[in-house]
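J.: here is the input, now give the coordinates:
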Amino acid sequence: GEMSLPTKAGELMRKTKKNLSGCDPRTFDSFYTHPLLGLDEVATGAIAGPIAVGGVVLPRRQEVLSILVAAGLRDSKEMTEASRERVASLIHEHAVFYHVVFASNAQIAAKGQGPCLDDLFSEVIAAFRLLFADEGAILLDGDPRLNIPYPHQALHKGDKKSLTVSAAAVVAKVARDRIM
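T.: Numbers count the residues shown, from 1 in each chain. The predicted structure is shown next:
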């Protein structure tokens with residue numbers, strides 16, 4: 001298909017024209033098409049160890065979202081290790097979908113970080129597609145990426161704006177910490 005600009009895709013998937021800045025992270029997510037896949041990568045700035053990409057689809061049930069928020073789910077960089085561990089296990093228990101993939105130091109050295117990240121994002125999206133076919137939309141943290149075959153929006157500081165993106169960052173960070 002034709003590649004549309006992220007803003008175009010963002011408009012397609014958003015159910016409101018309202019400015020969502022300063023919006024509570026779970027309210028923010030509720031304005032988007034579901035299933036909503038949050039994607040985030042961790043450790044791209046690390047000297048050693050793998051980089052990880054996490055993908056999460058949270059349920060829409062407010063009780064579950066309240067449990068995650070009460071347990072401390074927010075920008076993973078503002079959470080303690082213990083709090084990330086606790087929240088990750090709740091995400092594993094309640095998420096509609098979650099998937100974490102890694103690129104090793106050797107893969108990064110051979111291919112470069114950018115191409116490795118593209119591969120990891122594609123791998124998570126392929127797993128999402130197996131479950132949801134062509135339904136859904138994607139929010140990702142950081143810069144726009146090419147080759148995302150769903151309506152998607154790249155969010156600056158996405159892990160602060162979107163509960164789904166912060167959930168993706170938490171599962172990726174906890175999974176990476178366990179193999180380090």
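
J.: what pLDDT is listed against residue 145?
T.: The model reports residue 145 with a pLDDT of 84.

J.: residue 154 is in contact with that one, correct?
T.: Yes - with contact defined as CB atoms under 8 Å, residue 145 counts as touching residue 154 (6.9 Å). All C-beta spots, glycine's among them, are computed from the backbone N, C-alpha and C.

J.: how distant is stretch 37-56 from the center of its chain?
T.: Distance of stretch 37-56 from the chain centroid (CA atoms, centre = their mean, to the nearest Å) equals 10 Å.

J.: next, the buried residues of it.
T.: By neighbour count on 16 or more other CB atoms under 10 Å, the buried set for stretch 37-56 is 37-43, 50-56.

J.: out of those, who's nearest residue 176?
T.: residue 52 (4.3 Å; CB to CB).

J.: so what's the backbone phi/psi at that closest one?
T.: Dihedral pair for residue 52: phi -130, psi 150, per degrees, to the nearest 10.

J.: so the spatially most central residue of the chain is in which element?
T.: By CA atoms, centre = their mean, the chain has its centre lying nearest to residue 39, at 2.1 Å. Assigned by DSSP states H and E, residue 39 belongs to strand 36-42.

J.: for the protein, list the residue farthest from the centre, please.
T.: residue 110 (25.5 Å).

J.: and that one, how far is that from residue 21?
T.: 40 Å (CB to CB, to the nearest Å).

J.: low-confidence bits of the chain, can you list those?
T.: Applying pLDDT under 70 to the chain flags residues 1-13, 16-17.

J.: let's see that with 90 instead.
T.: 1-24, 26-27, 31-33, 43-49, 142-147, 149, 179-180 (pLDDT under 90).
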